[in-house]
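In: requesting a structural model of the entry that follows:
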Amino acid sequence: QVQLVESGGGLVQAGGSLRLSCAASGSILTINNMGWYRQAPGKQRELVAATTSGGTTNYADSVKGRFTISRDNAKNTVYLQMNSLKPEDTAVYYCNADLVHYTTFPPRNLEVWGQGTLVTVSS
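Out: From the prediction side, this is the model:
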């Protein structure tokens, strides 16, 4: 079984910072892309930031210059450092991973989602 466990959400005032973490565990052979998505009430889920296993990153225009994604491949963990938070950043943030697992033989590709962590930014 493979799972992603997120942590670090909470309530913060506008202009503040939060750091989200997401750790992958289970029968994982390798992790390709990892990313963070968010979904605000009444809106579709959107990509916030993503990173490849080689460290290439991309960001939504709305968070460029404020958010930084990073990963620790040895720990199968991805982070999202969020600075200068705005009320419009309020959403449930989901971790996503594209990985290869060996729960079955042969190993297979799998896309996994975390359970989500709520980030609330007050004005």
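
In: check for me that E88 belongs to a helix.
Out: Yes - the assignment for E88 is a helix, going by DSSP: H, G, I helix; E, B strand; the rest coil.

In: any stretches of the protein with poor pLDDT?
Out: For the chain, applying pLDDT under 70 flags no range at all.

In: wait, what's in contact with the residue positioned nearest the centre of it?
Out: By CA atoms, centre = their mean, the chain has its centre lying nearest to W36, at 2.8 Å. W36 makes contact with 20, 22, 47-50, 69, 78, 80, 93-96, according to CB atoms under 8 Å, 6 or more residues apart in numbering. C-beta: built from backbone N, CA, C; applies to glycine.

In: same deal with K75?
Out: By CB under 8 Å, 6+ apart, the neighbours of K75 are A23.

In: can you check S53 too?
Out: T30, I31, N32, N33, N73.

In: from the residues you listed, list the buried ones, please.
Out: I31, N33 (16 or more other CB atoms under 10 Å).

In: among the contacts of S53, which are in strands?
Out: T30, I31, N32, N33 (DSSP state E).
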